[in-house]
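Engineer: Take a look and give me a structure for this.
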Amino acid sequence: MSNTNVKKVRTSDLELKDRLVAINRVTKVTKGGRTFTFSAIVVVGNENGVVGYGLGKASEVTSAIAKGVEDAKKNLVKIPVINGTIPHKQEMRYSGSEVMIRPAAPGTGIIAGGAMRAVLESVGVKNVLAKSKGSSNPHNLVKATVGALCELRDARSVAQVRGISMNKVFNG
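Structural biologist: Next comes the predicted model:
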């Protein structure tokens, strides 16, 4: 996500919805016995092009989720969504997870699994084809999906970077 076209978003004027992607119980063995803690990965978004993810760790599930939501609100990014789908095909790899997302025709719906579905629903994409290859680790899948979405560019930003008109972008 070290792309220059990633736009950070302020949380003050957004109505964000959070989705729990995965929760893990972590065990630490001490001389007093086993200590259980929980780690939760959460995705938040306004279903209108803004999304963020966060990780929360605590000794209780509800606290871990709350911390994850707070962390996710600090990492919001703006994603171009055009007519309920994405502008173009994109692939991204994060650690062992590889994702591929493609725009789809209206009425297709979100064809994606688990962690990817949560991210795409939070962004507000209505029609998309997605495939995850490699590791199905929810943490890496969420990071790869958000990374792929951050790499997307709409026609207006392409025209602006190239210093040409919108008409010239499409007609060459």
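Engineer: okay, CA-based contacts and neighbour counts for the rest of this
Structural biologist: OK.
Engineer: just so I have it, where are all the strands in this protein?
Structural biologist: Per DSSP state E, the chain carries strands over the ranges 17-30, 33-45, 50-58, 77-78, 90-94, 97-103, 110-111, 128-134.
Engineer: who are the neighbours in contact with the residue nearest the centre of the chain?
Structural biologist: Centroid-nearest residue in the chain: residue 146, 3.3 Å away (criterion: Cα atoms, centre = their mean). Residue 146 sits next to 51-52, 119 when contact means Cα atoms under 8 Å, 6 or more residues apart in numbering.
Engineer: go on, residue 99?
Structural biologist: Residue 99 neighbours (Cα under 8 Å, 6+ apart): 91-93, 130-133, 141, 144-145, 148.
Engineer: re the thing from before, of the strands of the chain, which is nearest residue 167?
Structural biologist: strand 97-103 (21.5 Å; Cα to Cα).
Engineer: partners of that closest one in the sheet?
Structural biologist: strand 90-94 (antiparallel), strand 128-134 (antiparallel) (DSSP bridges).
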